[in-house]
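**Student:** Pasting the sequence and the predicted coordinates here, then a few questions.
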Amino acid sequence: MGMLNFLVNSDRIMVRFLRYVGQVSLLFCHTLYWTFTSSFHSKRFFNQAKIVGVESFFIAVFVGFFIGVIMALQMAYQMMQLSAEIYIPNVVAVSITRELAPVLTALIVAGRIGAGMTAEIGSMKVTEQVDALTAFAVNPVKFLVVPRFLALTLMLPVLTIFADLFGILGGFIICVFKLGITAPMFVNMVTEALVVKDIMTGLIKSVFFGMTIAMVGCHQGLSVRGGAEGVGRATTISVVTSFIMIIIMDCLFTVMFFFVFHA
Amino acid sequence: MIEIRHLYKMFGESRVINDLDLTVRAGETKVVIGRSGVGKSVLLKCINGILKPDYGSIRVEGREVTGLNEKEYNKIRMEIGMVFQGGALFDSMTIEENVAFVLNEFMDLSPREVRIKVEECLAMVGLHGMEHFSPSDLSGGMKKRVSIARVLCMEPKMIFYDEPTDEVDPVTGDTIDNLIIKLRDQLNVTSIVVTHDMSSAYKVADSIAMLYHGRLIADGTPDEIRNSKHPVVQQFINGKADGPIADEEALLVGNGRMIE
């Protein structure tokens, strides 16, 4: 009986999961359709780009900077025992550009922007503003989702570049002022260790993270039922789902880059 | 003219609209009354394509709309203005941007032409000079009037009002009723007004239709409805707690489901 219950529940979870994946995929297809078939509405795009890019800039570089500092100090703890402090700039630069800056920036943006998107669109849904768009012959995906999708897809890599720079700056400050590595030596080590594909793999990931945050956030918003409670629940689900999706995608991309492209 | 035949709409197990037949003649104001949850708002949303009916026919100006794709339906929607229950004004826009929404989206007008049109529409609903306010600055009644102004910018042939006098004070409610009558007389629009406010219904209606369990149970002039012998109609229009509706609800509560 216990096994039967487990199977029934597993089936339900599986069905719900597949339904969710189907709905998000359908929204993604609609978004791509409207992105390439409707005229570009610059005002709506720049409004969203400002919210995603400009308003998230300081938190992204703040986190990037301190991750650089922490990485350098944590590495120093191990490397000093081996008298290999000189390699700290390499490790900090590569791990920040390939992994830490794209993932942490995506997580920050998912928490800040993805949740906001869900709450905003969800509130519009429960107050019939989304129905009003349809009633005025305006497709809600075109009006609400496309500008957010484009803004996140384009601005997240930009934020990631700044997080990369400030992360390396954080590492620089520790290496130069604490570990006795000279500034020219630090720059030399970083430029020798860091190659274009390290930066590109991070940026490619951040493009897909941006798409994912936009799709999950907008889908949850458009799926809201009920009043304020429904909006709150959808916002929580949006953040948790985005976090999980970012980590899963990060793992898949890292595996793909490592085994397929040897990058 | 709007003709609805054998319309069905279900949400899960619940049949909200159940074999509904209704005709709204060109230029008339049809008031649809009924208790909350009988499918009045769903009916409006089925006509303008926000919801897809499960079965049945809806003809708008002689054209069957139930099988239309989005692009074709949008042409019909541009002829139907919808005033939503809470106004459904866009929070992120000013009143001017809300009223000018359709003009900015679909019409190639200069900013000056748009501004003049917005001023005209706001003046018609008695809200001249409110262009730069935000929806959150307005009272419920003002939001509904802005919502009507937004619809007027479309120059629609038909206007649907979903509970236009709900949650507003009696004076504001009467102002909105007068506005509905003015628009019918001046613009000759066909209107459907969904409400359970009977004083408003008698005032604005050319004819009144009553829905019960998703079906039409009465349709006639305000006087015919007032003098209807149907016990459900009588209980509803007189706002009595005792009667067939309450008896049925007692069965629903007692057994958890309808007893036929």
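**Tutor:** Yes, it's here.
**Student:** Every contact and neighbour count from this point should use C-alpha atoms.
**Tutor:** Fine.
**Student:** If you tally nearby residues, what's the number for B:Pro112?
**Tutor:** Not quite, residue B:112 is Arg, not Pro. Neighbour count for B:Arg112, taken as other C-alpha atoms under 10 Å in any protein chain shown: 9.
**Student:** Check the one 10 residues further on too.
**Tutor:** A count of neighbours around B:Leu122, defined by other C-alpha under 10 Å, yields 26.
**Student:** which residue packs closest to it, ignoring adjacent ones?
**Tutor:** Counting by C-alpha to C-alpha, 6 or more residues apart in numbering or on different chains, B:Leu122 lies nearest to B:His128, which is 5.2 Å off, once chain neighbours are set aside.
**Student:** That neighbour looks like it's in a strand, true?
**Tutor:** No - if the criterion is DSSP: H, G, I helix; E, B strand; the rest coil, then B:His128 is coil and not within a strand.
**Student:** how far away is it from B:Arg112?
**Tutor:** 16 Å (C-alpha to C-alpha, to the nearest Å).
**Student:** With A:Val196 instead?
**Tutor:** 51 Å.
**Student:** Next: B:Lys143.
**Tutor:** 24 Å.
**Student:** Could you do A:Leu18 as well?
**Tutor:** A:Leu18 is 51 Å from B:Arg112, by C-alpha to C-alpha.
**Student:** B:Asn227 too?
**Tutor:** As for B:Asn227, its distance to B:Arg112 is 52 Å (criterion: C-alpha to C-alpha).
**Student:** How about A:Leu100?
**Tutor:** A:Leu100 is 51 Å from B:Arg112, by C-alpha to C-alpha.
**Student:** What of A:Pro140?
**Tutor:** Applying C-alpha to C-alpha, the value for A:Pro140 to B:Arg112 is 28 Å.
**Student:** just the helices in the stretch 151-263 of chain A please.
**Tutor:** Here the stretch 151-263 of chain A has its helices, by DSSP state H, counting those that start in this stretch, at A:183-193, A:196-222, A:228-259.
**Student:** Is the last one in proximity to chain B?
**Tutor:** No - with C-alpha under 8 Å from any C-alpha of the partner chain as the measure, helix A:228-259 is seen stopping short of chain B, the closest distance being 15.1 Å.
**Student:** the inter-axis angle of that helix versus helix A:196-222?
**Tutor:** Comparing the axes of helix A:228-259 and helix A:196-222 via axes from the mean of the first three to the mean of the last three C-alpha atoms, to 10 degrees yields an angle of 160 degrees.
**Student:** okay, now the residue nearest to B:Leu122: neighbour count?
**Tutor:** Neighbours of B:His128 (other C-alpha under 10 Å): 13.
**Student:** which of the helices of the stretch 151-263 of chain A sits most buried?
**Tutor:** helix A:196-222 (a mean of 24; mean count of other C-alpha atoms under 10 Å in any protein chain shown).
**Student:** which residues sit against the longest helix along chain B?
**Tutor:** Longest helix in chain B, counting residues (DSSP state H): helix B:170-187. The contact list for helix B:170-187 (C-alpha atoms under 8 Å, 6 or more residues apart in numbering or on different chains) reads B:27-29, B:125, B:141, B:145, B:164-166, B:189-191, B:200, B:203-204.
**Student:** Okay, buried residues for that helix please.
**Tutor:** Within helix B:170-187, the residues that count as buried by 16 or more other C-alpha atoms under 10 Å in any protein chain shown are B:172-181, B:183-184.
**Student:** Ok, stretch B:193-200 next?
**Tutor:** B:193-197, B:200.
**Student:** Endpoints of that stretch, how far apart?
**Tutor:** Per C-alpha to C-alpha, stretch B:193-200 runs 10 Å from first to last residue.
**Student:** What's the mean pLDDT across that stretch?
**Tutor:** Stretch B:193-200 comes out with an average pLDDT of 90.
**Student:** and the residue nearest to the spatial centre of chain B, what does it touch?
**Tutor:** In chain B, the centroid-proximal residue (C-alpha atoms, centre = their mean) is B:Tyr161; its distance is 2.8 Å. For B:Tyr161, the contacting residues are B:82-85, B:191-194, by C-alpha under 8 Å, 6+ apart.
**Student:** How about B:Gly81?
**Tutor:** Shown in contact with B:Gly81 (C-alpha under 8 Å, 6+ apart): A:135-136, B:151-152, B:154, B:156-160.
**Student:** mind checking the SS state of it?
**Tutor:** Here B:Gly81 is strand, with the state taken from three-state DSSP.
**Student:** Now it. Nearest residue, chain neighbours left out?
**Tutor:** B:Ile159 is the one closest to B:Gly81 (C-alpha to C-alpha, 6+ apart), at 4.6 Å.
**Student:** Having no further points to raise, I will conclude here.
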